[in-house]
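Participant: below are the sequence and a predicted model for it; my questions follow.
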Amino acid sequence: MRFTKPAWVMHKDTSMRGDQEKRVSVFSVHVHPDGSRIATGGLDAKVRVWSTKPILNHASELSGRPPKSLCTLMMHTGPVLVVRWAHSGRWLASGSDDQIVMIWDLDPTAKGKVWGSDEVNVEGWKPLKRLPGHESDVTDIAWSPGDRYLATVGLDSQVLIWCGYTLERLMRIDQHQGFVKGVCWDPVGEFLATGSDDRSVRIWRTTDWSLEAEVRKPFDHSPGTFFRRLSWSPDGAHITASNATNNDGYVFIAAVIARNTWTSEISLVGHENTVEVAAYNPHIFLRDPSSPVVASNICSVVALGADDRAVSVWQTKSARPLIVAKEVFERQIMDLSWSQDGLTLYAVSSDGTMAVFSFDQDELEGIAPRSAQEQYLKKFGFSPPPLPEGFSHQNPVVVDNSRQPSAGRMTPPPSPGRAVSEPRPAQTQTGFGASVNGSGSGEHVNQLVAKRKKDKKRIQPNFMGSLGSSIPSAANGTSSMAGPSTSAPLSAAGGVGISTTRSIGEASTSAAVHRPPAPHSSAPQLGGPSQPFSVDIADLTDGSRDRPPERDEDVEMFLADNTDVRISSLDTSMQTGRKRKTIDGTDDRVLSRPRTLGGDRVRDAVPVREIAGGNAGFGTAQSTLGLWNDPSSFSGRLDVPSVLTYVKATVEGTEDIFEGRNSEGDGPTEVLFVSGKQTQWLDYLPSPILALTATTVFCAVATQDGSVNVYSHTGRRLMPTLAIGSACSSLSGSKNFLMLLTSIGILHVWNAKKQVAVFPPTSVLPILGSSPNTTLVSATVRSNGAPVLQLSTGVSFSWDAALSSWIKLSDPWWAEGSDAWQGRQRSNNSTAARGVVSTLESNTSERVSIDGTTKADQPRPAWWNTALTLGHLETKLHAAKTLDSPQEYKQALLLYAKRIADEGFRGKAEELVKELYGPVYWRPSRDDSWSPTLLGMSKRELLRDVLAIFGLFCSSPITPVD
C-alpha cells in the first residue's frame with residue numbers, strides 16, 4: 001500500500017493572502033467514475049475539481065501535466081458539505097448549508113481565470129440547475145443505481161427524492177425526528193437508507209417510498225457527530241452505519257445491518273471515538289476466486305473514518321481490519337471515497353487536508369469484475385421503474401428534422417408535454433444532450449440558439465423571457481427539464497480529446513477530435529456515434545488550443561419571438577484557446593456577465609480618514625424625542641460612530657462586500673454592493689453614512705440624519721426608509737434580523753424578510769442605570785431576533801418580548817460560588833466556547849476581575865455552592881432558550897439533572913420530569929397548552945437522557961411520577 005497527502009489539495013481562507021494563507025475544513029470528497037478527477041467541498045463555500053494523476057504519479061506532479069487544479073465552482077453561499085458525481089459521470093451534485101443542492105454540467109466554454117482570484121479553470125463546469133427545497137443545511141447526497149433518482153438529506157430532518165433525469169422533486173419524507181446526516185442506496189435499487197440524530201437508521205421502499213424498517217438498537221447511546229454517513233455493500237447484503245455504540249455508549253463501533261431482517265448482530269470495533277463515515281469498496285470480492293459467485297463465496301471491503309483521526313479498512317471475511325492508519329489527520333475524518341477500480345481510497349478531514357491510500361491487486365485479493373456483481377444482483381429479481389420517456393444520461397440520438405443537423409449538432413429528445421414535431425435544435429456543449437423544457441406547468445428555461453446570418457458582423461442577441469438568473473431552478477416541483485441547458489458554439493475550432501476510460505498511469509489514447517462544421521454548412525457529418533463521457537485531462541494541455549478555426553463568420557443568437565434585448569456582457573471566448581475576430585477585426589465574443597448598476601465603473605481605492613467626530617452635530621436638542629425624560633443621561637455612554645470616508649461589511653460565508661463611501665467635499669454619499677471585483681449595484685444617499693451591516697438576506701445602512709435604508713442583495717429596497725429620529729450608536733444584523741440602538745438609548749429590532757418589528761422600541765435605560773461608569777461594550781442580534789447587550793459591569797442582557805422585560809443572560813455573581821461557572825471548568829473551555837452563552841460567560845470573566853483569594857477567606861453558608869450552582873444552571877437554561885442555542889440547553893440540562901440527583905432533591909427532580917413529560921394523554925390536535933418540542937428537540941427525548949442520569953448519579957432513589 002502507498003500513502004500520500006498532497007499538500008496542494010486544499011480549500012483556502014480567501015481573506016488571507018500570501019504566506020498567511022490558511023487551510024479551512026474539507027467536508028466531502030468524491031471520485032469521478034472514470035478515476036481521472038476528484039471533487040471536494042469545503043468551508044470556503046466552493047467546490048473544487050482536482051486531477052488524480054498528479055496525486056498518484058510523482059512524475060506527473062513534478063511536470064505539471066495534467067494541471068493539478070482543474071476547476072473551482074463558486075455558486076454556493078455557504079460551506080459545501082457534500083459533493084457526489086452521478087454514476088454516469090455526466091453531472092456533479094453538491095449540497096451546502098445555504099440549503100441548496102446544485103447540479104453541475106461540463107461546459108467547455110467556461111474555462112479561464114476564476115473571477116476575483118489568481119486561479120485558472122482548465123476545464124469548466126457550469127451550474128445546470130438549482131434544487132431548492134431543504135429548509136436547512138444539506139448534509140448528504142446519493143445517486144441511485146443508474147442515476148434513476150437523487151436523494152438529498154439535511155438538518156431540516158427531511159429526505160427529498162428527485163428524478164435523476166428531469167431533476168424535478170418527486171417525494172418529501174419527513175418522518176425522522178432529528179437531523180438527517182447520511183443517506184445511501186441499495187445497489188439493487190429496491191431500498192433507500194437514511195441515518196439521523198434521532199438515533200435511528202430507517203429503510204425506505206423505493207416502490208412507494210414507505211417505511212420498510214427502523215433500526216434503533218445499536219444507536220441508543222450514540223453521541224452527536226457532524227455526519228452519520230452510511231454505506232451499502234456492493235452485494236446488497238449489508239448496510240454499515242456510522243456512529244453506533246456498544247455497552248451503553250462506552251464502546252464506539254460501526255454497526256453492520258443485515259438485509260431483510262434489518263438487525264445488527266455484527267459490529268466493527270476498534271476506533272477510540274465515534275465513527276463519522278463508512279464507505280464500501282464498489283467491487284465485490286470472492287473468498288475463493290476459483291469458485292462460482294454465490295452468497296457464501298462473496299465478501300466486501302469497507303473503510304471507516306472516525307473522530308479519533310484514524311482510518312480503518314476491513315474485509316468482511318476477517319475479524320480484524322486489513323489496515324489501521326492512526327493519526328493520519330490532526331482532526332476528525334469527514335468523508336471517504338473509493339475509486340471505481342477499487343484500489344484507491346481518498347479521505348478528507350476537517351483539518352483541511354486529504355490523504356490517499358493506494359492498494360496493489362494482491363493486497364485486496366479476490367476482487368471480482370463488475371460484470372460478476374451485475375450478474376449477482378439480478379438474483380434479487382427487482383425491476384426498477386422505467387425511465388421518463390425521452391430522457392437519458394447517454395448521448396441522445398439525432399432526430400431527423402426538416403433541416404439535417406451537422407455532426408456536432410444534436411436535437412434533444414422531446415420532453416413530456418411537448419409534441420415530437422416541435423423539437424428545438426441546439427448543440428450540446430458536452431456531448432451529453434441538450435436541455436428541453438416542457439410546455440406544461442413547469443418552469444421555463446431561456447435558451448440561446450445559434451443562427452448564422454451572412455449580412456451580420458456583430459452579435460445581435462434576441463432574448464425571450466426575463467433577465468433573471470440563467471440557472472434553472474427546481475423551486476416548483478413540476479419542472480420538466482430534460483438535461484443540461486445548452487448554447488450553440490461560437491466557433492467551429494478546437495475540441496476536447498475524448499478517450500475511453502483507463503486506469504491511472506496508463507498512456508493516454510485519445511480518439512480523433514471531431515470538429516463540427518459551421519451551422520448550415522454542406523460539409524458531411526464526421527464520426528460515428530458519440531463516445532461515452534470520459535475527458536482525457538492530459539489533452540487539455542496539448543496544442544489543440546493553438547489550432548486555427550476552420551470558419552470565421554458572424555452569428556446571431558435568437559429565440560422564438562422578436563423581443564430584442566441587448567446582452568452586452570456575456571463571455572464564452574474560452575471555447576477555443578484563441579480570440580475570434582470578425583472581418584473588421586472586432587472581437588466577436590459573447591460575454592457572460594449580466595449588466596449591473598455601476599458595474600462598468602472602475603472601482604478605486606478609498607483611503608480611510610475621519611471626516612467628523614461621532615457626536616458632531618448631535619446636540620441634546622436634536623436628540624430629544626420626547627419619549628424619555630432624560631436623554632442626556634446617555635451622554636458619553638452611547639457614542640455615535642465617527643463619519644469616515646470608507647466603511648464596509650462582509651456578507652457572512654461569502655466574499656461579497658457591502659461598502660459605504662462618504663465624500664470629504666460636496667460629492668455624493670454612496671453605498672455599493674461588490675461581488676468579487678465587480679460592483680453589482682450602487683445607490684446614493686442624502687446624508688453621510690455612520691454604520692452598515694450585511695447578512696445573507698439583506699444589507700442595511702444607517703445615516704447621520706437618523707435614517708435607515710434596507711436593501712436586498714440585488715439592490716432593491718426591502719423596506720421604506722426608516723426615520724428613527726436620532727443617530728445610530730450601534731447597528732447589527734444576523735440572518736433575517738436587523739438591530740439598531742440609537743444614541744439616546746432606544747433599541748429597535750426588525751425582521752427584514754417579513755418587514756415587521758419584532759417588538760416595540762425599547763429603552764436601554766433600565767439596564768444602563770444612572771451611573772456614568774456603566775457603559776455599553778457591545779450590542780448584537782441573534783439569528784432568532786434576540787438582542788444581546790454586554791455592559792462594562794460584566795452583565796449581559798436580552799429583551800424578552802413575551803415577558804416585556806429585560807432578562808439577564810450572564811452575571812458575574814455566579815462566579816462567586818457556582819461549580820458550573822465557565823472560568824472553573826478549564827477542560828470544557830474549548831467545547832463550551834462554541835456556544836453563545838458560554839462565550840458571554842467567558843467575556844464576563846475577562847471583563848470583571850474577581851479576587852478569588854480574598855473571597856475564599858470570607859465565611860460562606862453551608863449551602864452556598866449548591867444554591868449558586870443550581871441558580872446558575874437554571875439561569876443558563878433560560879439564556880440558552882432565549883438565544884436559541886439547543887446544544888447548550890441540553891448540556892446545561894444534563895448538568896442540572898446530575899446536580900439535583902447528587903443532592904437528592906426529589907421535589908426539583910419530579911417537577912423537571914413533569915415539565916418534560918407533559919400530559920400523559922396529550923394529543924397534538926386536542927391540547928395546545930403544552931408543546932412537545934423545545935428548541936427543535938423532543939422534550940421526551942430529553943427526559944430519557946435526564947432519567948438515565950438520575951439512575952446513574954442519584955444518591956437516593958427518586959420515585960417515578962404517577
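Facilitator: Arrived safely, thanks for sending. Numbers count the residues shown, from 1 in each chain.
Participant: and L377, what element?
Facilitator: Element membership for L377, per DSSP states H and E: helix 370-377.
Participant: run through who's touching that helix.
Facilitator: Outside of helix 370-377, the residues within contact range by C-beta atoms under 8 Å, 6 or more residues apart in numbering are 187-188, 234-236, 283-284, 293, 298. Where C-beta positions appear, they are placed from N, C-alpha and C, glycine not excepted.
Participant: buried set for that helix?
Facilitator: 372-373, 376-377 (16 or more other C-beta atoms under 10 Å).
Participant: wait, which of the residues you listed is closest to P388?
Facilitator: In terms of C-beta to C-beta, no member of the buried residues of helix 370-377 lies closer to P388 than L377, at 23.0 Å.
Participant: any idea which helix or strand carries P289?
Facilitator: P289 belongs to no helix or strand, assigned by DSSP H and E.
Participant: tell me the confidence at it?
Facilitator: Looking at P289, its pLDDT is 84.
Participant: which residue is the nearest non-sequential neighbour of it?
Facilitator: In space, and not counting its chain neighbours, P289 is closest to G366: 5.4 Å by C-beta to C-beta, 6 or more residues apart in numbering.
Participant: ok, now which ones touch that neighbour?
Facilitator: By C-beta under 8 Å, 6+ apart, the residues touching G366 are 285-289, 299.
Participant: and K677, how many neighbours?
Facilitator: Neighbour count for K677, taken as other C-beta atoms under 10 Å: 10.
Participant: distance of it relative to M75?
Facilitator: According to C-beta to C-beta, to the nearest Å, K677 and M75 sit 17 Å apart.
Participant: with V31 instead?
Facilitator: Separation of V31 from M75 (C-beta to C-beta): 22 Å.
Participant: likewise N260?
Facilitator: Counting by C-beta to C-beta, the gap from N260 to M75 is 42 Å.
Participant: give me the more crowded residue out of these two.
Facilitator: Taking N260 and M75 together and counting by other C-beta under 10 Å, M75 has the greater number of neighbours (19 against 9).
Participant: what about the nearest residue to the more buried one once chain neighbours are set aside, helix or strand, and which?
Facilitator: Distances taken as C-beta to C-beta, 6+ apart place P127 nearest to M75, at 4.9 Å, with adjacent residues excluded. Assigned by DSSP H and E, P127 falls within strand 125-131.
Participant: quick one: contacts for V277?
Facilitator: 227, 229, 242, 304-305, 333-336.
Participant: then stretch 289-307 to CSV, C-alphas only?
Facilitator: The C-alpha atoms that make up stretch 289-307 are tabulated as CSV, following Å, rounded to 0.1, in the frame of the first residue of the first chain:
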residue,chain,number,x,y,z
PRO,A,289,-11.7,-16.8,-6.9
SER,A,290,-11.9,-20.2,-8.5
SER,A,291,-15.4,-20.9,-7.1
PRO,A,292,-18.7,-19.5,-8.5
VAL,A,293,-20.1,-16.2,-7.5
VAL,A,294,-22.6,-17.2,-4.8
ALA,A,295,-23.5,-15.6,-1.5
SER,A,296,-21.3,-17.9,0.6
ASN,A,297,-18.3,-17.0,-1.6
ILE,A,298,-18.8,-13.2,-1.5
CYS,A,299,-17.2,-10.7,0.9
SER,A,300,-16.8,-7.0,0.8
VAL,A,301,-14.3,-4.3,1.8
VAL,A,302,-15.4,-1.3,3.8
ALA,A,303,-13.5,1.7,5.1
LEU,A,304,-14.3,3.7,8.2
GLY,A,305,-13.3,7.2,9.2
ALA,A,306,-13.7,8.3,12.8
ASP,A,307,-13.3,11.3,15.2
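Participant: in that stretch, what counts as buried?
Facilitator: 293, 297-307.
Participant: need the helix or strand of the chain with the lowest average pLDDT.
Facilitator: Every helix and strand in the chain was compared by mean pLDDT, DSSP states H and E; the lowest is strand 555-558, with a mean of 34.
Participant: where does the closest residue to D800 other than its chain neighbours land on pLDDT?
Facilitator: Nearest-residue entry for D800: I807, 5.0 Å, with adjacent residues in sequence omitted and distances by C-beta to C-beta, 6+ apart. As predicted, I807 sits at a pLDDT of 96.
Participant: I807 is in what secondary structure piece?
Facilitator: Secondary structure assignment for I807, by DSSP H and E: strand 805-810.
Participant: that strand pairs with which strands, parallel or anti?
Facilitator: Note on strand 805-810: by DSSP bridges, its sheet partners are strand 796-800 (antiparallel).
Participant: check contacts around the nearest residue to T693 once chain neighbours are set aside.
Facilitator: Of all residues not flanking T693 in the chain, G733 sits nearest, at 4.0 Å (C-beta to C-beta, 6+ apart). Going by C-beta under 8 Å, 6+ apart, G733 touches 693-695, 698, 700, 739, 752, 781.
Participant: restricted to strands, list those residues.
Facilitator: Here DSSP state E is the test, and those give 693-694, 700, 739, 781 as lying in strands.
Participant: buried subset of these as a ChimeraX selection?
Facilitator: With 16+ other C-beta under 10 Å as the burial test, the buried ones among those are selected in ChimeraX as follows:
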select :693,694,700,739,781
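Participant: can I get the ones in strands among the contacts of G733 in a markdown table with pLDDT?
Facilitator: Below are the ones in strands among the contacts of G733 laid out as a markdown table (pLDDT from 0 to 100):
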| residue | pLDDT |
| --- | --- |
| T693 | 96 |
| A694 | 96 |
| A700 | 97 |
| M739 | 97 |
| V781 | 96 |
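Participant: quick check, nearest of the ones in strands among the contacts of G733 to D13?
Facilitator: Out of the ones in strands among the contacts of G733, the member with the shortest distance to D13 (by C-beta to C-beta) is A694, at 18.8 Å.
Participant: test my guess that the closest one contacts T650.
Facilitator: Yes - look at A694 against T650 with C-beta atoms under 8 Å: they come within range, at 6.9 Å.
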